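Colleague: I would like the atomic coordinates for the input below:
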Amino acid sequence: MTTEGKKFYVNNNVGTIKYAVSFHNGIDTHKDGSPFYGIKTFRNKKKMNLFLKGIEKEGYKYKYS
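Modeller: Residues are numbered from 1 along each chain as shown. Coordinates of the predicted model:
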């Protein structure tokens, strides 16, 4: 099983949510083997940036499209 490592990406203005951060820990997968992404939503950019700094310290890297 191959893993891409710890990755995250940010979506803006998804429905009524202002900021959504999707993150994959490099381990969890769906039954078909595709990576399972968790999601955290924010209404405030400052809180989102604090969360991003925290997961970057844990080793998460920004996933470029």
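Colleague: ok, now which ones touch the residue nearest to the spatial centre of the chain?
Modeller: Nearest to the geometric centre of the chain sits residue 23, at 2.2 Å (C-alpha atoms, centre = their mean). Counting by C-beta atoms under 8 Å, 6 or more residues apart in numbering, residue 23 touches 6, 7, 8, 37, 38, 39, 40, 55, 60. Placement of C-beta: from N, CA and C, glycine included.
Colleague: Excluding chain neighbours, what is closest to the fourth one?
Modeller: For residue 37, the nearest residue in space outside its immediate sequence neighbours is residue 22; the separation is 4.4 Å by C-beta to C-beta, 6 or more residues apart in numbering.
Colleague: Could you do the last one as well?
Modeller: Taking C-beta to C-beta, 6+ apart as the measure, residue 60 lies nearest to residue 6, with 4.3 Å between them; neighbours along the chain are not counted.
Colleague: how close does the one you found get to residue 44?
Modeller: Per C-beta to C-beta, to the nearest Å, residue 6 is found 24 Å from residue 44.
Colleague: neighbour-wise, which of those two wins?
Modeller: It is residue 6, of residue 6 and residue 44, that has more neighbours when counted by other C-beta atoms under 10 Å, with 17 against 10.
Colleague: on that earlier part again, so what's the residue nearest to residue 60 up against?
Modeller: 23, 24, 25, 26, 55, 58, 59, 60, 61.
Colleague: what about residue 22, neighbour count?
Modeller: For residue 22, the neighbour count with other C-beta under 10 Å is 14.
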